[in-house]
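Colleague: Here is a sequence together with a model predicted from it:
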Amino acid sequence: MAKKFYDIIPPKEISFLRSEKQEEKIRPVRKKKRFFLKSFVFCFVFLILVIISSFFFFSKVEIEIWPETEILNFKETATINLNAEHLDFEAKIIPGKVFSDQKFISQEFSASGKILKEERAKGIIRVFNEYSTSPQSLLLNTRFVSANGKLFRSVKREVIAGGYYEKGKFVSGYTDIEVMAAEPGESYNIDPSTFSIPGFKGTSKYTSFYGKSFSSMTGGFESEVSQVTQEDLEKAENVLAEGLRKESREFLKSTLPADFVLLDEAISQEIVEIDSSVKAGTEVESFNLQIKVKSEGLGFKKSDIEDFAKNCISLDIADGKKIQEESLEINYSSESIDLESGEIVLSLEIKAKIYSDISLAKLKEALLEKSFKEAEVFLEDMPQVTKVEIKSWPFLKKKIPGDINKIKVRLNFNSSY
């Protein structure tokens with residue numbers, strides 16, 4: 001018969017073993033609970049200490065005040081003077097400074113003119129005299145006709161040498177003369193030929209005087225060619241000058257020292273050099289034009305204008321009033337400009353916020369250890385204050401610190417509504 005489990009281990013021992021196993025399972029859970037509880041208590045105590053220390057050591061108050069403001073608008077004039085060394089409030093003179101620059105450019109342009117180019121062929125003819133021993137004069141423009149019917153004329157008066165006898169035999173005289181085609185064109189560029197003289201036709205001299213060329217006639221042509229016109233030169237000059245003036249003006253303004261202002265109308269420009277590779281009427285397809293422009297302007301410091309405007313405002317407001325400098329707006333334009341004498345008269349439109357002066361140091365002393373409610377009432381009762389906002393850290397603290405270094409006061413000039 002098989003033995004049962006309780007036959008080997010007694011029931012009491014079995015119960016004890018079961019209790020031990022359960023305890024082993026429960027023991028880690030209890031440890032975790034005790035650790036969590038200790039951690040919670042530690043964090044809670046630490047937080048309480050932080051809050052308490054914040055109240056005593058790190059507390060601070062920020063007070064934002066919207067002062068009562070008014071907008072001041074007025075106009076004024078000032079003179080920019082090149083010879084002035086310092087800002088003169090009484091005379092309304094602001095120092096000026098001259099800035100200058102030179103720019104050079106060279107560019108190729110196409111010629112727009114078209115003309116019909118014509119040239120007559122030229123050459124040399126040897127004219128023979130087989131008529132007599134006497135010389136023969138030929139008039140200017142004496143006609144010579146080639147074997148293929150092309151007409152040429154002598155370019156000046158000529159004398160054809162007479163013949164002579166040698167050993168009883170007649171030898172022809174001759175003279176080489178220059179001739180020119182009667183019309184332009186390449187068709188007159190003929191090869192060597194013989195020539196007759198129509199002026200002698202019907203006389204015995206017609207067959208006794210003749211010409212002969214030993215080289216081709218050349219130079220004759222007729223075609224359309226490009227030509228530079230005066231309009232081409234003027235147009236090229238205007239294109240380059242306009243671009244160069246703009247470039248020089250922008251460069252002048254972009255390279256100003258910090259704080260300087262240069263008005264467009266206070267810049268003078270002139271062409272100091274212009275040179276073309278050709279003259280009007282030259283027969284070319286393109287030409288080069290180079291030009292140099294000088295720019296000169298009278299500038300002034302923006303800070304001088306601002307100081308001048310602030311001085312004008314200070315003379316126009318009551319004692320105890322201050323300018324809110326960030327609100328200062330100045331628009332200026334030129335009334336007159338005389339660059340030769342170095343003067344510009346500016347028209348100024350000045351706008352700024354002004355407010356009653358508040359001594360922040362005295363205000364902090366007056367607020368020490370007041371409750372927030374007391375501080376608000378105190379500040380709102382001030383006639384120069386329109387709105388107050390108090391913030392503290394930690395947020396639970398509702399009293400102004402007794403340490404003036406823990407109080408921060410800031411003026412807000414934006415709208416309070």
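Modeller: Thanks, I have it.
Colleague: for the stretch 101-250 of the chain, what spans make up the strands?
Modeller: Along the stretch 101-250 of the chain, the segments classed as strands by DSSP state E, counting those that start in this stretch run 113-129, 136-138, 143-146, 151-154, 158-160, 164-166, 169-171, 173-184, 194-196, 209-212, 221-227.
Colleague: Which one of the ones you listed lies nearest to Phe300?
Modeller: Checking these against Phe300 by C-beta to C-beta gives strand 113-129 as the closest, at 49.1 Å. In short, each C-beta sits where N, CA and C put it, glycine included.
Colleague: Any idea which residue is closest to the centre of the chain?
Modeller: Glu250 (5.3 Å; C-alpha atoms, centre = their mean).
Colleague: residue contacts, that one?
Modeller: Contact analysis of Glu250 by C-beta atoms under 8 Å, 6 or more residues apart in numbering lists nothing.
Colleague: any chance of the strands of the stretch 101-250 of the chain in TSV, plus mean pLDDT?
Modeller: What follows is the strands of the stretch 101-250 of the chain, written out as TSV (pLDDT from 0 to 100):
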stretch	mean pLDDT
strand 113-129	94
strand 136-138	96
strand 143-146	98
strand 151-154	98
strand 158-160	97
strand 164-166	93
strand 169-171	94
strand 173-184	97
strand 194-196	97
strand 209-212	97
strand 221-227	91
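Colleague: Arrange those strands in JSON lines, one row each, with distance to Glu237 as further columns.
Modeller: What follows is the strands of the stretch 101-250 of the chain, written out as JSON lines (distance: least, C-beta to C-beta, whole Å):
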{"stretch": "strand 113-129", "distance to Glu237": "16"}
{"stretch": "strand 136-138", "distance to Glu237": "52"}
{"stretch": "strand 143-146", "distance to Glu237": "50"}
{"stretch": "strand 151-154", "distance to Glu237": "44"}
{"stretch": "strand 158-160", "distance to Glu237": "50"}
{"stretch": "strand 164-166", "distance to Glu237": "67"}
{"stretch": "strand 169-171", "distance to Glu237": "67"}
{"stretch": "strand 173-184", "distance to Glu237": "35"}
{"stretch": "strand 194-196", "distance to Glu237": "52"}
{"stretch": "strand 209-212", "distance to Glu237": "53"}
{"stretch": "strand 221-227", "distance to Glu237": "18"}
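Colleague: looking at these, which is closest to Leu360?
Modeller: Between the strands of the stretch 101-250 of the chain, strand 113-129 lies closest to Leu360; by C-beta to C-beta that is 79.8 Å.
Colleague: Which strands or helices does that closest one pack on?
Modeller: strand 151-154, strand 158-160, strand 173-184, strand 209-212, strand 221-227 (3 or more C-beta pairs under 8 Å, 6 or more residues apart in numbering; DSSP states H and E).
Colleague: What lies in contact with the shortest one?
Modeller: Okay, so that is strand 158-160. Contacts for strand 158-160 (C-beta under 8 Å, 6+ apart): 127-129, 135-138, 142, 173-175, 177, 209.
Colleague: Could you point out which of the residues you listed is nearest to Met382?
Modeller: Checking the contacts of strand 158-160 one by one against Met382 (C-beta to C-beta), the nearest turns out to be Ile177, at 119.1 Å.
Colleague: Bridged to the nearest residue to the closest one once chain neighbours are set aside, which residues?
Modeller: Distances taken as C-beta to C-beta, 6 or more residues apart in numbering put Glu158 closest to Ile177, at 4.6 Å, once the chain neighbours are dropped. Per DSSP bridges, residues listed as beta-bridge partners of Glu158: Leu138.
Colleague: where does the residue nearest to the centre of the chain land on pLDDT?
Modeller: Looking at Glu250, its pLDDT stands at 92.
Colleague: coming back round to it: count residues in the vicinity of the residue nearest to Ile177, would you?
Modeller: Using other C-beta atoms under 10 Å, Glu158 has 19 neighbouring residues.
Colleague: now swap in Glu343 and tell me
Modeller: 18.
Colleague: Distance-wise, check it relative to Lys253.
Modeller: Separation of Glu343 from Lys253 (C-beta to C-beta, to the nearest Å): 20 Å.
Colleague: Ser295 is in contact with Ser268, isn't it?
Modeller: Yes: with contact defined as C-beta atoms under 8 Å, Ser295 counts as touching Ser268 (7.4 Å).
Colleague: So between the two, which is more surrounded?
Modeller: Neighbour count, other C-beta under 10 Å: between Ser295 and Ser268, Ser295 has more, with 22 against 14.
Colleague: show me what contacts the nearest residue to that one once chain neighbours are set aside?
Modeller: Among residues not flanking Ser295 along the chain, Ser248 sits closest, at 4.2 Å (C-beta to C-beta, 6+ apart). Residues counted as contacts of Ser248 (C-beta under 8 Å, 6+ apart) are 101-103, 269, 293-295.
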